[in-house]
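need a 3D model of the sequence below.
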Amino acid sequence: MIDRKYFRLTNHFIERFNTLTGQELIGISQEALVVLMLHDWPGNVRELENTLEHAFVMCRGELIQVDHLPQRILPEDKEFQVVPHVTLKEIEKQAIIQTLERNQWKKSEEG
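Alright, predicted model coming up:
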């Protein structure tokens with residue numbers, strides 16, 4: 001689920017929850033975005049929506065941070081830390097490599 005549609009969906013839900021709640025969040029931090037990218041999303045879009053709704057309830061600032069996300073989606077290791085000023089392309093690359101490493105470099109169920 002690491003593609004432009006994913007980021008559009010994240011932004012869509014942020015805008016939607018801003019409208020529904022009257023909050024004025026400006027977006028999501030780079031670190032929180034990496035956490036979202038590293039999650040497998042077995043529930044797909046509905047799970048993403050629920051995750052961002054949870055973040056809205058927890059967030060009191062302008063930007064969704066890692067600590068606003070539900071504990072269940074956080075990676076077990078802390079490899080999601082991001083170096084400042086990294087491009088989206090680099091974040092995607094890092095997420096793909098970590099996912100491949102986690103799955104012993106198997107791209108599909110067949111191996």
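
what about Phe56, distance to Glu92?
Shown here: Phe56 relative to Glu92, a distance of 25 Å by Cβ to Cβ, to the nearest Å. Any C-beta I mention is one placed from the backbone N, CA and C, and that applies to glycine too.

compare these two (neighbour count), which wins?
Phe56 (19 against 16; other Cβ atoms under 10 Å).

and Val45, what does it touch?
By Cβ atoms under 8 Å, 6 or more residues apart in numbering, Val45 lies in contact with Leu9.

looking at this, it is in a helix?
Yes: looking at Val45 with DSSP: H, G, I helix; E, B strand; the rest coil, it is inside a helix.

residues of the one helix or strand Thr19 maps to that come out buried?
In this structure, Thr19 sits in helix 4-21 according to DSSP states H and E. Residues of helix 4-21 classed as buried by neighbour count (16 or more other Cβ atoms under 10 Å): 6-7, 9-10, 13-14, 17.

list the contacts for Gly32?
In this structure residue 32 is Ala, not Gly. So Ala32 contacts 55, 64-66, 68-69 (Cβ under 8 Å, 6+ apart).

tell me which of those fall in helices.
Ala55 (DSSP state H).

TSV for the contacts of Ala32, including distance to Met37, neighbour count and pLDDT?
Formatted as TSV, the contacts of Ala32 follow (distance: Cβ to Cβ, whole Å; neighbours: other Cβ atoms under 10 Å; pLDDT from 0 to 100):
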residue	distance to Met37	neighbour count	pLDDT
Ala55	15	23	95
Ile64	14	27	94
Gln65	15	15	93
Val66	12	18	91
His68	16	21	96
Leu69	12	22	95
